[in-house]
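# sequence-free structure coming up:
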């Protein structure tokens, strides 16, 4: 039964974590075998804080490789034999096969490292196209601030970065007058009584609107703490360390945030804390859009790898999650199964993109095998079993009628182009010579290229890997 279905119940599921090395599940009458299984899950996934409860844990998040990043390089690979006419404000050349350009971006401040790459740990960086040309690059510093800098068409940093208070970066999205960064800030758990143990800090999720110079215009909390409501109060929706990452999308006027959330529910004289996901829409003036037809308090539960895209053809936001509710890739609110999986600790969602004409493609992984699913609403109508072996695939639109699948392969990324209508592979697999991160995203560009931010050669640099357009 989902948390969304039982949020008002006095007997809902409750869970808590022990520190980064172990989980202690404290509920009277639990069998020792259940305790041992839960402890084993925590050792596999890691994470700070404590989370006590009676419901079984959702699948552990696979950890990334600790291999060092590749040496700095700006050499395209593989080489294209010819270039086609250029399009877009940056006039990037298109060729008959993918060309990868890697650019080292030097920073004046330290960038948060990859860590173990779990869904519970901070995201280091995110990238978005700037419609006038270039990009906005956001990164998490080591000083409790999220930085925002502008990149030119050559992916070089220009001007002076700005920064905002934030303990975890989630995503960045841009438009013609600026953009929005999604980040997490410290919150207040309050003095309420938990039904068992203690949880980690009760943080808040915020959209920060910035103008085209990078200066803040407004901010809006998309969790609901504040005033008389703290994290341990009935009805609270907050962010903790556990499965909380999120993504942004826009309809050109409003912005939507879809992210993992903690859910506080009264249970007699104490409260239980659950985990699900939440989608909220904010208008151009920074106000929550009350009653938006696509938004919800709780969608999937338990939820991880939340993904969202705006579909101008239907005038709706489309979303998918990975969930232990029937162990599947699903559309939320209401649940609709896209692809059936198994709760064996290896079920992960990838990304969500528009398919030509109608519907969507999503990438996901089970037992290390990567699949592509095409669907419109609910059950997939086409499954592509790829040759990729990874727990965390990345999928992005790549020019007209194509999409790019990428995944970790040793200390670099491997990539393959696919036809977005048929799901058939286009050309040969190639290498993107930067280090992968399980939860960071490729972003599509209007000129047909796609770019990915990655760890640099030092703690004060970031590498931008750009796959140039195909002709």
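Cool, got the structure. This structure is a prediction, so every number in the text was calculated from the model and none was measured.

# find the nearest non-adjacent residue to residue 124, please.
residue 112 (4.8 Å; Cβ to Cβ, 6 or more residues apart in numbering). For glycine as for every other residue, the C-beta is placed from the backbone atoms N, C-alpha and C.

# dump the residue contacts of the one you found.
The contact partners of residue 112, taken as Cβ atoms under 8 Å, 6 or more residues apart in numbering, are 122, 124, 139-142.

# need the per-residue pLDDT for it.
As predicted, residue 112 sits at a pLDDT of 96.

# quick one: it and residue 194, what's the gap?
Per Cβ to Cβ, to the nearest Å, residue 112 is found 30 Å from residue 194.

# just checking, next helix/strand downstream of whichever strand or helix holds residue 126?
Using DSSP states H and E, residue 126 sits in strand 125-129. Tracing the chain past strand 125-129, the next element assigned as helix or strand by DSSP H and E is strand 135-140.

# mean confidence score for that following strand?
The average pLDDT for strand 135-140 rounds to 98.

# point out where this structure drops to low pLDDT.
Scanning the chain for pLDDT under 70 picks out 1-86.

# let's go with 80 and repeat that
Low-confidence segments of the chain (pLDDT under 80): 1-88, 197-200.

# show me where it has helices.
Secondary structure of the chain (DSSP state H): helices at 3-6, 32-45.

# surely residue 142 meets residue 122?
No: using Cβ atoms under 8 Å, residue 142 is not in contact with residue 122, being 9.9 Å away.

# so between the two, which is more surrounded?
Taking other Cβ atoms under 10 Å, residue 142 and residue 122 do not tie; residue 122 has more neighbours (20 against 12).

# could you pull up the residues touching the more buried one?
Going by Cβ under 8 Å, 6+ apart, residue 122 touches 112, 115, 140, 167-169.

# residue 364 too?
322, 329, 339, 341, 347-350, 370-371, 373, 393 are the contacts of residue 364 under Cβ under 8 Å, 6+ apart.

# state the distance from the closest residue to residue 87 other than its chain neighbours to residue 460.
On the basis of Cβ to Cβ, 6+ apart, the spatially nearest residue to residue 87 that is not a chain neighbour turns out to be residue 447, at 5.2 Å. From residue 447 over to residue 460 the distance is 29 Å, taken as Cβ to Cβ.

# of those two, which one has the most company?
residue 447 (20 against 13).

# for that one, grab phi and psi.
The phi/psi pair for residue 447 (degrees, to the nearest 10) reads phi -80, psi 0.

# my read: it touches residue 469, true?
Yes: counting by Cβ under 8 Å, residue 447 does reach residue 469; the two are 5.7 Å apart.

# quick one: common contacting residues for these two?
Common contacts of residue 447 and residue 469 (Cβ under 8 Å, 6+ apart): 87, 92, 94.

# can you give me the neighbour number for the second one?
Put plainly, it is residue 92. Using other Cβ under 10 Å, residue 92 is surrounded by 20 other residues.

# in the sheet, who's paired with it?
With DSSP bridges as the criterion, residue 92 is bridged to residue 87.

# beta-bridge partners for residue 320, please?
Beta-bridge partners recorded for residue 320 (DSSP bridges): residue 307.

# quick check: the gap between it and residue 196.
On the measure of Cβ to Cβ, residue 320 and residue 196 end up 32 Å apart.

# again, but for residue 249
Distance, residue 249 to residue 196, using Cβ to Cβ: 37 Å.

# that older thread, and the contacts of residue 364 as CSV, adding distance to residue 219 and neighbour count?
As requested, those are exported to CSV (distance: Cβ to Cβ, whole Å; neighbours: other Cβ atoms under 10 Å):
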residue, distance to residue 219, neighbour count
322, 29, 29
329, 32, 30
339, 37, 21
341, 37, 25
347, 34, 25
348, 31, 26
349, 28, 26
350, 30, 31
370, 37, 25
371, 38, 20
373, 36, 21
393, 33, 25
